[in-house]
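S.K.: what would the 3D arrangement of this be:
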Amino acid sequence: MWGVILHASVLATEMAVERMTQVELRQYHEAAESLADQSCLMPSELSPPATAFTWLELQNAIASLAWLSFNALPYKRGTPTTVLVIHHALWLALFPAEDRQNVLVKCIPRIREGVMPDLEAFATDLDGFVKERWWHIFEDAGRDLLSCLTRHFDAVTARREQAQASRVATTQVRTLRQRLQVLGLPRSGPRARLCLRLAGREHQVKAQLEHGCAPVKDKTQACPMGHAGSRNPLCELGECGDTDCALYRFRGGSEGVRSDFVNFCAKQIEEHFWQVKSRHDEGLVYCSLGCGCLYFDWELLDQLVTNARLRVDQVWLVDTAFWENATFATAETKALRAFCQWYAGEFDIHSFRTGRSLKRWCQAFSGQLGHAHVVMECDSVQTHPLTDDGDFCRSVLHEEALNLQIFSQRLANRRPGPGRRRGPVPVAPVRCVRRRKEDKLEILQRDQWQNGIWLPDYFLHFDNDEENADWITEDLQRRYR
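M.R.: Numbers count the residues shown, from 1 in each chain. You can find the predicted model right below:
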């Protein structure tokens, strides 16, 4: 008479709801983790497409959990309130505790008046509830819910990243200083300088051309303007202009000394480098001590690169005049920047104020940057004790490094007596070739310029050769750079 009513098994219903709830909870957690990752990678006022899609996944998961909760305990006292508390808690769990009240007040909408959410869940299936009915349960159809949550979440993420960056910066500075201490490098300075120092780029020179070449005393420099009024890019470079120096380009009898020495050095370096290079792809590491305004080094390197076609990897320049000042630039600093502008992109250039800085830098990065194949000393005598130091040789020089020197040497002492100190003292250019042997540099060749040619020094006789080295060093250190 009466139809048969079939009821689902209570146990089967509970198992189905539990299984579906686990699936939706897993999707919720995956979407929440994905949202956190994307917000860290792509912070923006306008959410990227991937982040917006993640917010929709969260909405689907939370609405599905609400539908399952309503249907799991139908017609039970307190079920609607419990489900709404869980629903709001799932949204608020995405935010830190201190921001949840603000998000709850500003973003989570109230239930529409006269709507019974549990009956809405009973009356529709899961897909219909999630995609349509859920939006109409809340006031204003919940249209601003996701956009409001997105704005607050981005603000929280930005604040969190800023705090984390501050903590990381503090930790990094401490870590950087510890690593610099291990390498034996200075530990003072801001974080940016510490990073450059640890990477070996603290002394790397930026390519920049200084404008406004001014005359410099005791320096010979090129004309600022070239043909047709174009600016000479090498006008900042210069060389020794002391008329009492035997290397002065316009001194009578010494006009060809510098150009001849450039050709001599290029030949020596080319022959030496092909013998000592250990790898096919190894490039030349060139070091210049007391290089001044760099015209000689530019001339030599240009000949090596263009004529000898040697591949130069690095150039290390050492001079006490290489110091930075916000209001004043020395002639040597201007020359250094113009030099780097000329060779920009061809090889790395590092400048040092002292030989100690170079030695410490090489000790820290010798495995990465190698050692100097060539050490040049032109127009400088203060650097001679440096190349005679065994610790410097071990730290900076290649095991078969070549050392090339040219300097002005006094040929005689002034004799005591009236009027003798007013007379000029004869000087002559001297060039020297040395090669590293163990922890010192051994002389291979030493010549003196006389009458337009280079003569070996064992053919020459000086007036006071027993005290030769002492008074030469003393006088050169007093008079010349």
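
S.K.: against which helices or strands is the one helix or strand residue 85 maps to packed?
M.R.: Per DSSP states H and E, residue 85 falls inside helix 79-92. Applying 3 or more CB pairs under 8 Å, 6 or more residues apart in numbering; DSSP states H and E, one finds that helix 79-92 contacts helix 49-72, helix 97-106, helix 117-123. Just so you know, the C-beta spots here come from the backbone N, C-alpha and C atoms, and that holds for glycine as well.

S.K.: okay if I get these as a markdown table plus mean neighbour count?
M.R.: Shown next, in a markdown table, are the helices and strands packed on helix 79-92 (neighbours: other CB atoms under 10 Å):
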| stretch | mean neighbour count |
| --- | --- |
| helix 49-72 | 19 |
| helix 97-106 | 13 |
| helix 117-123 | 18 |
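
S.K.: just put these in CSV and tack on mean pLDDT.
M.R.: Below are these laid out as CSV (pLDDT from 0 to 100):
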stretch, mean pLDDT
helix 49-72, 79
helix 97-106, 85
helix 117-123, 80
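
S.K.: so which of those is nearest residue 296?
M.R.: Minimum separation from residue 296 across the helices and strands packed on helix 79-92 (CB to CB) falls at helix 49-72, 59.0 Å.

S.K.: show residues contacting the closest one.
M.R.: Identification of contacts with helix 49-72 by CB atoms under 8 Å, 6 or more residues apart in numbering yields 13-14, 17, 20-21, 24-25, 27-28, 31-32, 34-35, 38-39, 42, 47, 79-80, 82-84, 86-87, 90-91, 94, 117-118, 121-122, 126, 129-130, 134, 145-146, 149-150.

S.K.: filter the residues you listed down to the buried ones.
M.R.: Neighbour-count burial (16 or more other CB atoms under 10 Å) applied to those gives 20, 24, 27-28, 31-32, 34-35, 38-39, 47, 79-80, 83-84, 87, 90-91, 94, 117-118, 121, 129-130, 134, 145-146, 149-150.

S.K.: average pLDDT across the biggest helix by length in the chain?
M.R.: The single longest helix within the chain, with elements called by DSSP state H, is helix 145-183. For helix 145-183, mean pLDDT rounds to 77.

S.K.: can you list contacts of the next helix or strand after that helix?
M.R.: The helix or strand immediately downstream of helix 145-183 is helix 191-199, counting by DSSP H and E. Helix 191-199 is contacted from outside by 169, 172-173, 176-177, 179-180, 183, 185-187, 189, 202, 204, using CB under 8 Å, 6+ apart.

S.K.: same thing but 7 Å
M.R.: 169, 172-173, 176-177, 179-180, 185, 202 (CB atoms under 7 Å, 6 or more residues apart in numbering).

S.K.: buried members of these into ChimeraX, please.
M.R.: Of the contacts of helix 191-199, the buried ones go into a single ChimeraX selection, burial set by 16+ other CB under 10 Å:
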select :173,176,177,180,185,202
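
S.K.: quickly check the contacts of helix 191-199 for the two that are furthest apart.
M.R.: Taking CB to CB as the measure, the contacts of helix 191-199 span a maximum distance of 19.6 Å, between 169 and 185.

S.K.: how is the chain divided into domains?
M.R.: In terms of domains, the chain is parsed into 10-155, 219-414+423-479 (source: automatic domain parsing).

S.K.: deepest of those domains, which one?
M.R.: domain 219-414+423-479 (a mean of 17; mean count of other CB atoms under 10 Å).

S.K.: check the offset of that domain from the chain's centre.
M.R.: Distance of domain 219-414+423-479 from the chain centroid (CA atoms, centre = their mean, to the nearest Å) equals 28 Å.

S.K.: measure residue 297 to residue 126 for me?
M.R.: Distance, residue 297 to residue 126, by CB to CB, to the nearest Å: 79 Å.

S.K.: got it, and residue 192?
M.R.: Here residue 192 is placed at a distance of 56 Å from residue 126 (CB to CB).

S.K.: contacts for stretch 287-296?
M.R.: So stretch 287-296 is contacted by 219, 237-239, 258, 297, 316-319, 331-332, 335-336, 339, 372, 374-380, 382-383, 386, 396, 481 (CB under 7 Å, 6+ apart).

S.K.: list the ones among those that fall in strands.
M.R.: Among the contacts of stretch 287-296, the ones falling in strands (DSSP state E) are 219, 238-239, 316-318, 372, 374-378.

S.K.: quick check: the farthest pair among the residues you listed?
M.R.: The most widely separated members of the ones in strands among the contacts of stretch 287-296 are 219 and 372, with 26.1 Å between them, by CB to CB.

S.K.: which residues in the stretch 201-350 of the chain form helices?
M.R.: 257-276, 295-306, 331-342 (DSSP state H, counting those that start in this stretch).

S.K.: nearest to residue 102, out of the ones you listed?
M.R.: Minimum separation from residue 102 across the helices of the stretch 201-350 of the chain (CB to CB) falls at helix 331-342, 53.6 Å.

S.K.: now that closest one: mean pLDDT?
M.R.: In this model, helix 331-342 has a mean pLDDT of 86.
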